[in-house]
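Asks: Got a predicted model here, sequence first, then my questions.
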Amino acid sequence: MTVYLVGAGPGDPGLLTVRGAELLAAADVIVHDRLAEASLLDQARAGAEIIDVGKTPGGPVQQDAISELLVERGQRGLEVVRLKGGDPFVFGRGGEEAEALLGGGVAFEIVPGVTSAIAAAAYAGVPVTHRGLSTSFTVVTGHSRHGVDPGVDWDALARAGDTIVLMMAVAHRREIAERLIAGGRPADTPVAAVRWGTRSRQRTIRTTLGELGAVDLEPPVAIIVGEVAGLNLAWFESRPLFGRRIAITRAREQSSTMAGRLTRLGAEVVEAPTIAITSAADGGAALAAAAAAVASRDWVVLTSANSVDRFWAHLRDARDLGPARVAVIGPGTADALARHHVVADLQPERAVAESLLAAFPAPPAGGGKVLLPQAAAARPVLAEGLRSAGWQVDVVEAYRTEPVVPSPEALRAIHDADAIAFTSASTVTNFLSAADRDTLPRCIASIGPITSAAAREHGLNVDLEADEHTVDGLIAALVTHFSSAAV
């Protein structure tokens, strides 16, 4: 078995390498430090032992103890991932751990990661090399046990003239700046200090070498010194939801897509599911029977992506539909249907049951049959409306939703968020049954009128509602809201 020293990257989970992700998913043991993005641990397999060596009641675990832990787990024949922020061999003490493993007779592999020395600069829009400005860069630590590292030739760095990236240098930035200026680097040399690089909390402060000591900074910060720091090719901090914390309440199975879209727009996402999707009370027996006889119906009406997926699990392919046509309630359901290579025959203009009823055709002479697979707690308005129009409607329970109580940590994060997004009436009801309304942030966002009505019934003020009652519509509404100059 092997111990893998894996670079987790600087913070953005999307910067984890493919190899790193593969190893995380297969590891028996994951040993991680405080710089590893917490969401990366979601990739661990069930039953994996996860050991935090960065946060303990008595302070960080000492390096010798970490190395001994890796050797011990490795000697037991376990697959171990040592997940380290940035790159294991760039100020990550990965070399020390590799030496310990080698001495203990444990096989190991180094999986490089994206170092914050380069990534923080890139996310701040600062190229560390640039034609006409810098043909090289030096990465140097600004800290040692004795203050500024006495082994660094600051005069030589100053004379080199190209880019310097200072890591762990916040505490000694004034002395470092003075040494570089004394070595010949001009006081007006541009500086970009990037805090929490690549994360939604990223902040870039632009100053000069002469003023660096007076700038208010708190670690972790990468400090880029050189003419390239005068460039401002901003992209990361310019995204429409950058710096906003958005809480989402969808079921865990559905939240990843929405969370990913919000993250790409710059938001920090708090995932706090208030519902869980579970099987029908009969284990899906009735749905399976209905699917087997679907060709005898005129229409199948699907009102959610969950209904689509649960129903399609009982079909071999679209040929099982026979002559039955398919209606969907909105774009999200249509997209789920399209993943099964079927285009809906009917989709109303608005993604609500009332709009679907208005668009639904009259039954043929002699009557017609509709199959309606839906959630156990779905509103009866659609079934009742179709029956009133003369259709024979078979309602089949496709799945159930159960309440989930967000963790205390999630509730605290929600309280500090800029907005909370509700995607169904049940997410509103379940949230308020689990948390005090004082937990809610100042902005409440709703996916559509049914969800908004549920919120108002509980005395909440809905600040924004999606024009298109889909996840994409809700995200667009959040972007519009936070792009307003008044927000």
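Replies: Looks like it came in fine. Residues are numbered from 1 along each chain as shown.
Asks: so Trp391 makes contact with Lys369?
Replies: Yes: contact criterion CB atoms under 8 Å: Trp391 and Lys369 qualify, at 7.3 Å. Just so you know, the C-beta spots here come from the backbone N, C-alpha and C atoms, and that holds for glycine as well.
Asks: Return the residues in contact with Val152.
Replies: Val140, Thr141 (CB atoms under 8 Å, 6 or more residues apart in numbering).
Asks: rerun that using 10 Å as the cut-off
Replies: Listed by CB atoms under 10 Å, 6 or more residues apart in numbering, the contact set of Val152 reads Thr138, Val140, Thr141, Gly142, Ser144, Ile176, Arg179.
Asks: What segments of the stretch 1-150 of the chain are strands?
Replies: Secondary structure of the stretch 1-150 of the chain (DSSP state E, counting those that start in this stretch): strands at 2-7, 29-32, 49-52, 80-84, 107-111, 137-141.
Asks: pLDDT weak spots in the stretch 1-150 of the chain?
Replies: Residue ranges of the stretch 1-150 of the chain with pLDDT under 70: 35-36, 55-60, 145.
Asks: which one of the strands of the stretch 1-150 of the chain lies closest to Pro273?
Replies: strand 49-52 (20.5 Å; CB to CB).
Asks: Could you list the paired strands of that closest one along with their orientation?
Replies: Strand 49-52 pairs in its sheet with strand 29-32 (parallel), by DSSP bridges.
Asks: And the partner strand, what's buried?
Replies: Residues Val29, Ile30, Val31, His32 are the ones in strand 29-32 that count as buried (16 or more other CB atoms under 10 Å).
Asks: next one: stretch 44-52
Replies: Neighbour counts over stretch 44-52 (16+ other CB under 10 Å) mark Ala44, Ala48, Ile51, Asp52 as buried.
Asks: with these in mind, which one is nearest to Arg159?
Replies: Asp52 (43.3 Å).
Asks: helices or strands up against the helix or strand that contains Arg310?
Replies: For Arg310, the element it lies in under DSSP states H and E is helix 305-312. The contact analysis (3 or more CB pairs under 10 Å, 6 or more residues apart in numbering; DSSP states H and E) places helix 305-312 against helix 252-264, strand 275-279, helix 285-292, strand 299-302, strand 325-328, helix 331-338, strand 369-375, strand 392-403.
Asks: Now tabulate those in JSON lines and tack on mean neighbour count and mean pLDDT.
Replies: Shown next, in JSON lines, are these (neighbours: other CB atoms under 10 Å; pLDDT from 0 to 100):
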{"stretch": "helix 252-264", "mean neighbour count": "16", "mean pLDDT": "86"}
{"stretch": "strand 275-279", "mean neighbour count": "17", "mean pLDDT": "91"}
{"stretch": "helix 285-292", "mean neighbour count": "17", "mean pLDDT": "96"}
{"stretch": "strand 299-302", "mean neighbour count": "25", "mean pLDDT": "97"}
{"stretch": "strand 325-328", "mean neighbour count": "22", "mean pLDDT": "97"}
{"stretch": "helix 331-338", "mean neighbour count": "20", "mean pLDDT": "92"}
{"stretch": "strand 369-375", "mean neighbour count": "23", "mean pLDDT": "96"}
{"stretch": "strand 392-403", "mean neighbour count": "19", "mean pLDDT": "94"}
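Asks: could the buried residues of strand 29-32 go into TSV alongside distance to Thr439?
Replies: Formatted as TSV, the buried residues of strand 29-32 follow (distance: CB to CB, whole Å):
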residue	distance to Thr439
Val29	36
Ile30	31
Val31	34
His32	29
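Asks: Which single one of these is nearest to Glu397?
Replies: Using CB to CB, the buried residues of strand 29-32 come closest to Glu397 at Ile30, 39.1 Å.
Asks: Now do the same contact list for that closest one.
Replies: Here Ile30 is in contact with 4, 6, 23-24, 36, 40-41, 43-45, 48-52, 79-83 (CB under 10 Å, 6+ apart).
Asks: Swap in 7 Å and give it another go.
Replies: Applying CB atoms under 7 Å, 6 or more residues apart in numbering to Ile30 gives the contacts Leu24, Leu41, Ala44, Ala48, Ile50, Val81, Leu83.
Asks: okay but Ala44 is in contact with Ala38, surely?
Replies: No: Ala44 is beyond contact range of Ala38, at 11.5 Å (criterion: CB atoms under 7 Å).
Asks: Return the most buried member of the strands of the stretch 1-150 of the chain.
Replies: strand 80-84 (a mean of 29; mean count of other CB atoms under 10 Å).
Asks: What ranges does the stretch 51-200 of the chain have for its helices?
Replies: Secondary structure of the stretch 51-200 of the chain (DSSP state H, counting those that start in this stretch): helices at 63-75, 94-103, 116-123, 154-160, 173-182.
Asks: so which of those comes closest to Leu233?
Replies: Short answer: helix 116-123, nearest of the helices of the stretch 51-200 of the chain by CB to CB, at 9.1 Å.
Asks: Dump that closest one to CSV, restricted to CA.
Replies: What follows is helix 116-123, C-alpha atoms only, in CSV (Å, rounded to 0.1, in the frame of the first residue of the first chain):
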residue,chain,number,x,y,z
SER,A,116,-0.8,29.6,-4.1
ALA,A,117,2.4,31.4,-5.1
ILE,A,118,1.3,31.4,-8.7
ALA,A,119,-2.5,30.8,-8.3
ALA,A,120,-3.1,33.8,-6.0
ALA,A,121,-1.4,36.1,-8.5
ALA,A,122,-3.3,34.7,-11.4
TYR,A,123,-6.7,35.0,-9.6
